[in-house]
Every structure is written in structure tokens, then in C-alpha cells.
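J.: here are the coordinates; sequence isn't available:
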Ligand SMILES: Nc1ncnc2c1ncn2[C@@H]1O[C@H](COP(=O)(O)OP(=O)(O)OP(=O)(O)O)[C@@H](O)[C@H]1O
Ligand SMILES: O=P(O)(O)OC[C@H]1O[C@H](OP(=O)(O)OP(=O)(O)O)[C@H](O)[C@@H]1O
Ligand SMILES: [Mg+2]
């Protein structure tokens, strides 16, 4: 049985639950359930704090985990990213009272509050900035007002939390994060692990792509294929009507209306878009 760690609380929880459900795994019945055994899919799901997941996977007690890239780096655990999942996107940034600092180099000798001390310390060391890192558990944005820190380094998504306390970001982003699947560094990928990855990638494909079908005059097929190249090349079948072919290809969901317009311009007819329910590429 594959042993997978899944966030039990916080920003990644709902989206992780959704993608696993779409990948065919048994969902947990309520938020208090800490372990789900799913023998039909040869998997055990362990619901853990996102911050701890890289630690378990790095130790090798669990085979795989879903956590944030920023938390993986922060932990310093011997675990590595295998596939990004496209949700839980955030940036990790410096913030301070407006117009106080413009770059990380100005933070030498100052105090920076964060709940990602590992990630921040490594970033400062890489840039040769000697600052004091104040480790807090959460709600770090308040640390400046309370006089505990001169600047903060924290997760920013919409920026609402910072705006609400009157802080502004400055300097370059420290890191870009999203939810990722991790495994122990250098560990071999078992069949069960590879199947999990294929299933999750299948869900991502089904979310990001659609099928397009259309009919076109045979002499314009090269132009059509340039517009809808598909994955391994589109399927082109003869139509009963002389001189016409039917084309079927996967295209990105984003921009599919433009693709339909372009096909219409070169004379395509009966252009249909259908959703992909599941995929294994
Ligand atoms: N508002 C947000 N939008 C998108 N991703 C976020 C947001 N807040 C946190 N994240 C991401 O979610 C992951 C887990 O963070 P989360 O805040 O859920 O954990 P935590 O701070 O340990 O938990 P808690 O907030 O319950 O104490 C991190 O990778 C982080 O980048
Ligand atoms: O830019 P925003 O959209 O406002 O999102 C960013 C906020 O979300 C997270 O907070 P969370 O709710 O996890 O609380 P925490 O600080 O206690 O972790 C993060 O730590 C930021 O505070
Ligand atoms: Mg949080």
C-alpha cells in the first residue's frame, strides 16, 4: 500500500481533497478523520499538518506527500518535488510599513519576523545579509505594529492581509509556491507511486484541456493541423462527403474560443468542444 500524506488543515486542504477525489481515491468522511485506508486503490492517506509533511516524507516513514513548495524548502527535509499541482499558489515576500525599505540589502542588522525561518535564513545567507530572524507561528503581519520586528517575510496571495494591517511588500519575491507532490530525495519510484502521479496528472490534463472536433476541406488540413496540433498529432478521418475530413485533437481549455475562430476563418464547419472527464497520457 502506498502511504500518502495530505494536509489536514489550512489553505491546501480543500483543493488537495478535491484533486484526490477526482483521481479516484476515497475521500475522508469528516475533518476529524486522520487516516483513510483505501484498499481498492492500494493507498493509505494520512492527514497531517502541511508543515510536518516534508518531515515525514524526508524520514521515509511515508512514501509521498502533498504540501506547499515553500514548506518543503522551509523544512530542509531530504524530500524533493515531483509534480506541481497548480493550486495553493502564493508568493513569499518581504513587507514593511510603506516606503521604509526598497530591497533586502537594507535589512542587515534588523529584525525580520516570519513563520518560515528555514526558508528566510537560507535566502538571507545566500545574499550575504546578516539580519535577525524572529520565528513566529502565524499572523506575523502584526509583529511590526507590536514592535517585535522591523520587517516581515510571509505568504502573500491576494495581498488583503497585508493591506488590512497597512503594510506594503518590497524587494523581489523570495519564492513562488504552489502545492506539490513530494517524495524522499533520491528514493526509487514504486509502481504505486507512479500510478498516483499518473492519476494526478490525468486530473490536471482534464482540467486544463478540452477536445475539439471539426470538419474541414482536405486541402486545408495542413493549416488546420497548425492550429490544432494535438498531443501526438490530431486524428484525421475521412468523411463520407468527398473532399472533406474530420479532425479530433486536444487543445488547451484557455483560448479555445480563439482556436474556434481561427478554424472558422479557414473554412472549418461543425466545430465542437467537449470537456475531458478523465485522462491518462
Ligand atoms: N492565502 C493563501 N493562498 C494560497 N496559498 C496559501 C495561502 N496561505 C497559505 N498558502 C499556502 O498553503 C500552504 C500551507 O499554508 P497554511 O497557511 O495552510 O499552513 P499553516 O500556516 O501551517 O497553517 P495554519 O494557517 O492553519 O496555521 C503553504 O504552501 C502556503 O504557501
Ligand atoms: O495575501 P492574502 O490573500 O491575504 O493571503 C495571505 C495570508 O494567508 C495566510 O494566512 P493564514 O490564514 O494561513 O494565517 P497564518 O498567518 O496564521 O498562517 C498567510 O500566512 C497570509 O497571512
Ligand atoms: Mg497559514
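T.: Alright, I've got the coordinates. Note that the coordinates shown come from a computational prediction; the quantities given were computed from them, not determined experimentally. Ligands and ions are numbered 1, 2, ... in the order given.

J.: tell me the contacts of residue 153?
T.: Going by C-beta atoms under 8 Å, 6 or more residues apart in numbering, residue 153 touches 92-95, 112-114, 116, 119-120, 140, 174. C-beta coordinates here come from the backbone N, C-alpha and C atoms, glycine included.

J.: mind running it again at 6 Å?
T.: 94, 112, 114, 120 (C-beta atoms under 6 Å, 6 or more residues apart in numbering).

J.: since we're on the third one, how many residues are nearby?
T.: When you say that, I think you mean residue 114. Neighbour count for residue 114, taken as other C-beta atoms under 10 Å: 25.

J.: Equivalent analysis for residue 128, please.
T.: 8.

J.: Show the pLDDT at it.
T.: Residue 128 is assigned 97 on the pLDDT scale.

J.: Among the contacts of residue 153, find me the one that's closest to ligand 2.
T.: Proximity of the contacts of residue 153 to ligand 2 (C-beta to the nearest ligand atom) peaks at residue 114, which lies at 9.8 Å.

J.: how near is the spatially closest residue to that closest one that is not a sequence neighbour to residue 168?
T.: Spatial nearest neighbour of residue 114, excluding adjacent residues (C-beta to C-beta, 6 or more residues apart in numbering): residue 153 at 4.2 Å. Per C-beta to C-beta, to the nearest Å, residue 153 is found 14 Å from residue 168.

J.: Write out the residues of the stretch 101-250 of the chain neighbouring ligand 1.
T.: Contact residues (C-beta under 6 Å from any ligand atom) of the stretch 101-250 of the chain with ligand 1: 138, 155, 157, 177.

J.: Return a ChimeraX selection command for the buried portion of those.
T.: Here is the ChimeraX selection string for the buried members of these, based on 16 or more other C-beta atoms under 10 Å:
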select :155,177
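
J.: which residues touch the residue of the chain found nearest ligand 1?
T.: Here the residue of the chain nearest ligand 1 is residue 68; by C-beta to the nearest ligand atom that distance is 1.7 Å. Each residue near residue 68 by C-beta under 6 Å, 6+ apart is listed here: 88, 177.

J.: can you list the residues of the stretch 101-250 of the chain next to ligand 1 in TSV and add distance to residue 127, pLDDT and secondary structure?
T.: As requested, those are exported to TSV (distance: C-beta to C-beta, whole Å; pLDDT from 0 to 100; DSSP: H, G, I helix; E, B strand; the rest coil):
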residue	distance to residue 127	pLDDT	secondary structure
138	25	91	coil
155	20	97	strand
157	24	97	coil
177	19	98	strand
